[in-house]
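Engineer: Sequence and predicted structure below; questions after.
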Amino acid sequence: MMGKSPVRVGIVTLVMAVALMLAPSAWAQSPAPADIQKAVDAAFAKYKDIKEGKNADYIPALAKVNPALFGIAVVTADGKVYSAGDLKTEVSIQSISKVFTAAQVIQEQGLESIANRIGVDATGARFNSIIAIEGVKMVAGAGAPEMNPLVNPGAISATSMVKGATANEVWAKIIGIHNDMAGRPLTVLQDVYKSESDSNQRNQAIGALMLAYGYIKSNWQQAVDLYTRQCSIGVNAKDLATMAGTLAFGGKNPVTGKQVMDATKVPGILAIMATAGLYDASGKWLYRTGLPAKSGVGGGIIAVSPGKFGIAVIAPPLDDAGNSVKAQKAIADISNALGGNPYAAKK
Ligand code: DON
């Protein structure tokens, strides 16, 4: 066998170095900056004055939020933020937190933990349906994992799965993953937390039922309280877009550079967003955009175009399914303009 010549070794090293330099740009296929800003500006102008939908009011504090609040943010692989409208005002994250608490469970206990205990199926039901719990039980038998961690029964169960000896230990992990995904320390909006704690009897009933059927192993009261707290975390449009961006780029926060969760676990998170992120409207949403997404009754929606961008819109008035009207329209327009649909073949 001939030994490797210094020239050949040099060439191989050079080729490898060039390949490594190119690797991030091969992964980062974000659209061109001018196109992104143009699409964001166009959606903002088109939808800023529409008046459809209504703030959630079953949590009294949410009815008081300014219905005209409208902010759009897109985060790309290089951590750049493209925006229009209000980037600063915080709303409560609400159900969008379900994604990140499920991510915490999956990160610490593996993808099968959620699939085995809760399930990862589309429920086709409203977010706080109690009939769905009974329906699943009748179809599949006691304790069968046919739920989804992004609807209230599954979400409260997911919160109960985060490991910790005390409520504070569990909370530190829940707020910790939200902070890492957003790239800054977030805080609970106390007025929302109090308002929902005073009016969440339905979620308490769900928590108790989930214990009775074995989806929650103990202390459903603690699970419901921590779930209520996670729903009250304050976020602005930039925070939410950065969280979506972290999921878009393999669990690495594109703004801070921190690897928040294992890249191998992110596709599972995106799958539950696709099946149940917009509740009973998830199918229609996926049909029109192809994007894994998650809504919250605070008025936010996040959506993920894997490898391309994370996007978020905050606009409080909701449709009948509990999803922000303007956010759905703006995200669909922007993503379609930027070729964000992961099911579409590259042109
Ligand atoms: O549990 C609830 O009812 C709220 N904390 C969250 C619901 C929610 O955000 C539904 N999303 N569209």
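Structural biologist: On my side now, so go ahead. Residues are numbered from 1 along each chain as shown.

Engineer: How about Ala39: what's its closest non-neighbour residue?
Structural biologist: Take Ala39 and drop its neighbours on the chain: the residue closest to it by Cβ to Cβ, 6 or more residues apart in numbering is Ala337, 4.0 Å away. For every residue, glycine as well, the C-beta is placed using N, CA and C.

Engineer: for Ala182, same thing?
Structural biologist: Distances taken as Cβ to Cβ, 6+ apart place Asp239 nearest to Ala182, at 4.1 Å, with adjacent residues excluded.

Engineer: Please apply the same query to Asp180.
Structural biologist: With Cβ to Cβ, 6+ apart as the criterion, Asp180 has its nearest non-adjacent residue at 4.3 Å, and that residue is Val260.

Engineer: Neighbours of that neighbour, how many?
Structural biologist: Using other Cβ atoms under 10 Å, Val260 is surrounded by 23 other residues.

Engineer: What residues does the chain have near the ligand?
Structural biologist: Contact residues (Cβ under 6 Å from any ligand atom) of the chain with the ligand: 94-95, 127-128, 152, 196, 203, 231, 295-297, 322-323.

Engineer: If we use 5 Å, what do you get?
Structural biologist: Residues of the chain found near the ligand (Cβ under 5 Å from any ligand atom) are Gln94, Ser95, Phe127, Cys231, Ser295, Gly296, Val297, Gly322.

Engineer: what's Gly176 in contact with, if anything?
Structural biologist: Residues near Gly176 by Cβ atoms under 8 Å, 6 or more residues apart in numbering: Gln104.

Engineer: Please report how far Thr89 lies from Val65.
Structural biologist: 9 Å (Cβ to Cβ, to the nearest Å).

Engineer: Between the two, which has more neighbouring residues?
Structural biologist: Val65 (20 against 15).

Engineer: right, and the more buried one touches Pro316 too?
Structural biologist: Yes: judged on Cβ atoms under 8 Å, Val65 makes contact with Pro316 at a distance of 5.0 Å.

Engineer: Helices of the stretch 1-150 of the chain, start to end?
Structural biologist: With DSSP state H, counting those that start in this stretch as the criterion, the stretch 1-150 of the chain has helices at 6-27, 33-47, 60-63, 97-109, 111-117, 131-140.
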